[in-house]
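Visitor: Sequence isn't available, so here's the structure alone:
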């Protein structure tokens, strides 16, 4: 889904920026250009950033948990 029509930025591109290391809306904005033209997309873009960061944080404990294998 397009989030920023001015720059042609999708929610997938915002998520990808976070997966590649962006840790805030500011960093995503600098990386993708979302919200830098008219600003009407900023609320939705921030929501996508918040949700994606929460998903990443919730997934990390599962990835870092030790694996136990039966003997």
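Guide: Looks like it came in fine. None of these values were measured; they are calculated from a predicted model. Numbering: from 1, shown residues only.

Visitor: and the most centrally placed residue in the chain, what pLDDT?
Guide: Nearest to the mean C-alpha position of the chain, by CA atoms, centre = their mean, lies residue 15 at 3.5 Å. pLDDT, residue 15: 97.

Visitor: Identify the spatial nearest neighbour of it, chain neighbours not counted.
Guide: Leaving out its chain neighbours, the residue that sits closest to residue 15 by CB to CB, 6 or more residues apart in numbering is residue 52, at 4.9 Å. For the C-beta atoms, the positions are set from N, CA and C on the backbone; glycine is no exception.

Visitor: Just to be sure, the one you found is in a helix?
Guide: Yes: assessed by DSSP: H, G, I helix; E, B strand; the rest coil, residue 52 belongs to a helix.

Visitor: Am I right that it is in contact with residue 14?
Guide: Yes: when contacts are counted by CB atoms under 8 Å, residue 52 is listed as touching residue 14 (6.9 Å).

Visitor: For those two, indicate the residue with more neighbours.
Guide: In this view residue 52 and residue 14 are compared by other CB atoms under 10 Å, and residue 14 has more residues nearby, 27 against 19.

Visitor: so the closest residue to the more buried one other than its chain neighbours, which of the three states?
Guide: In space, and not counting its chain neighbours, residue 14 is closest to residue 48: 4.8 Å by CB to CB, 6+ apart. Assigned state for residue 48: helix (three-state reduction, three-state DSSP).

Visitor: Just the pLDDT at residue 48, thanks.
Guide: Reported pLDDT for residue 48: 98.

Visitor: what about the strands in the protein?
Guide: Under the criterion DSSP state E, strands of the chain are mapped to 2-4, 9-10.

Visitor: re earlier: spit out the contact partners of the residue nearest to residue 14.
Guide: Applying CB atoms under 8 Å, 6 or more residues apart in numbering, we find residue 48 in contact with 3, 11, 14-15.

Visitor: Could you pull out the buried residues of the helix or strand bottoming out on mean pLDDT in the chain?
Guide: In the chain, no helix or strand scores lower on mean pLDDT, DSSP states H and E than helix 42-64, which sits at a mean of 87. For helix 42-64, burial by neighbour count (16 or more other CB atoms under 10 Å) applies to 42, 44-46, 48-49, 52-53.
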